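A.B. asks: I need the structure of the sequence given here:
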Amino acid sequence: MDLRCRKLDCKFNDRHTCTAKGLVVSKTTTCKTYQKDESKIVVKQSMFEGTPNFAPQRDCKALTIKCSAACLLNKDGVCEANGITINQTRNKVYCQTFIKK
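C.D. replies: Take a look at the predicted model:
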């Protein structure tokens, strides 16, 4: 399971890779596992400043993503995607991998 995250001030974000032991995605596709880390300073970059520093993919077959969204990848409350990306727009932290049923 590859978990990517663009919420840079999250406690579990390590260079765009999520290090949480498990995730919870609500029915509105928001990431309920997000925890703000006040020690992380978020610097806004323009799209021309270079590529971000990504951590290597962390495969974890035992990781569970609990999900209550009406998503094609939701099977009985558990996400069955090979990996997901958490993104942020207008301060909403949401699952970008969501595919409406």
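
A.B. asks: When you work out contacts or count neighbours from here on, use the C-alpha atoms and nothing else.
C.D. replies: Fine.

A.B. asks: and K92, bridged to which residues?
C.D. replies: T89 (DSSP bridges).

A.B. asks: got it, and I65?
C.D. replies: Counting by DSSP bridges, I65 is bridged to L23.

A.B. asks: Touching, it and C79? I think so.
C.D. replies: Yes: with contact defined as C-alpha atoms under 8 Å, I65 and C79 form a contacting pair (5.4 Å).

A.B. asks: Chain neighbours aside, what residue packs nearest to L72?
C.D. replies: K101 (4.8 Å; C-alpha to C-alpha, 6 or more residues apart in numbering).

A.B. asks: what's the burial count for the one you found?
C.D. replies: Using other C-alpha atoms under 10 Å, K101 has 9 neighbouring residues.

A.B. asks: Repeat that for D76.
C.D. replies: D76: 10 neighbours (other C-alpha under 10 Å).

A.B. asks: With L8 instead?
C.D. replies: Using other C-alpha under 10 Å, L8 has 20 other residues around it.

A.B. asks: any idea how far I99 is from it?
C.D. replies: 24 Å (C-alpha to C-alpha, to the nearest Å).

A.B. asks: what do you get for K7?
C.D. replies: 20 Å.

A.B. asks: who has more neighbours, those two?
C.D. replies: K7 (25 against 12).

A.B. asks: Starting from G77, give me the distance back to that one.
C.D. replies: Taken as C-alpha to C-alpha, the span from K7 to G77 is 24 Å.

A.B. asks: cool, and R4?
C.D. replies: Here R4 is placed at a distance of 20 Å from G77 (C-alpha to C-alpha).
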